[in-house]
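Asks: model this:
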Amino acid sequence: MKKIGLILAGFLLISLGSCGGGEEKKEDEKVKIGQTTKKEVVEKVEVVKASEMIDLTNKGVGPIASLTLPETIDNAMATNGAEVFKTKCMACHKPDKKFIGPAPTGIMERRTPEWIMNMILDPEGMVAKDPLAKQLLVEFNGSPMANQNLTEEEARAILEYFRTL
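Replies: Numbers count the residues shown, from 1 in each chain. Below is the predicted model of the structure:
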C-alpha cells in the first residue's frame with residue numbers, strides 16, 4: 001500500500017511539473033502587440049541624442065527672452081560671425097561635424113534663436129537651469145561650453161553665421 005502511494009505521489013508530481021508551467025513562460029515571452037513581441041518592442045526603442053533633438057519651443061535661460069530674425073540673411077553680419085566663430089569657438093566646435101562640442105550645422109532647425117543666443121552668452125546658467133543644455137553636457141562627456149564673454153552683438157553675428165550653415 002505504501003508503494004502504491006509513493007508511485008501515485010511521484011506520478012502526480014511529474015504530471016504537475018509538465019502541465020502548464022513551461023507554457024506560461026513561453027506564452028509570456030510571446031505576448032503579441034500587433035505582430036511584435038514585448039522583447040522586440042523594447043529593442044526597437046531608439047534613444048535620440050540631445051544634439052539631434054528638435055526643440056523649437058525652448059528659449060533657454062539667460063539674457064535673451066525674445067528675438068525676431070529678419071527673413072533675409074545679413075551677409076556682412078554672417079561674415080563677421082564666421083570670423084568670431086573661427087577665433088572663439090573652433091577650438092571645440094567644427095562647423096559640420098561633432099568634435100568636443102556639437103556641430104552648429106542645422107542648429108537653426110533644432111533650436112530657437114533665443115536658446116542659441118543664451119547658450120553662447122551664458123553657458124554656465126544654461127547648464128545649471130536648462131534641461132536640454134544639461135543633456136548636452138552629458139552627451140559630450142561632461143565637457144562644459146566655455147564662456148567666451150562675448151557681447152550680444154558678437155553672439156548675434158555668430159547666430160547669423162549659423163543661419164548660413
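Asks: excluding its backbone neighbours, what's nearest the residue nearest the centre of the chain?
Replies: Geometric centre of the chain, nearest residue: Ala50, 2.3 Å, by CA atoms, centre = their mean. Among residues not flanking Ala50 along the chain, Gln135 sits closest, at 3.6 Å (CB to CB, 6 or more residues apart in numbering). For glycine as for every other residue, the C-beta is placed from the backbone atoms N, C-alpha and C.
Asks: Just the element for that neighbour, please.
Replies: Here Gln135, judged by DSSP states H and E, is contained in helix 131-139.
Asks: For that helix, the averaged confidence score.
Replies: For helix 131-139, mean pLDDT is 93.
Asks: What lies in contact with that helix?
Replies: Helix 131-139 is touched from outside by 49-51, 53, 55, 58, 60, 102, 115, 119, 123, 126-127, 143-144, with contacts defined as CB atoms under 8 Å, 6 or more residues apart in numbering.
Asks: are any of those buried, and which?
Replies: Using 16 or more other CB atoms under 10 Å as the burial test, those include 50-51, 58, 60, 102, 115, 119, 123, 126-127 as buried.
Asks: quick one: least confident of the residues you listed?
Replies: Among the buried ones among the contacts of helix 131-139, Ser51 has the weakest pLDDT, 83.
Asks: Contacts only, for the closest residue to Gln148 other than its chain neighbours.
Replies: Nearest-residue entry for Gln148: Lys88, 4.5 Å, with adjacent residues in sequence omitted and distances by CB to CB, 6+ apart. Lys88 makes contact with 148, 150, 154, according to CB under 8 Å, 6+ apart.
Asks: The same query, at a cut-off of 10 Å, please.
Replies: Shown in contact with Lys88 (CB atoms under 10 Å, 6 or more residues apart in numbering): 120, 146, 148-150, 154, 158.
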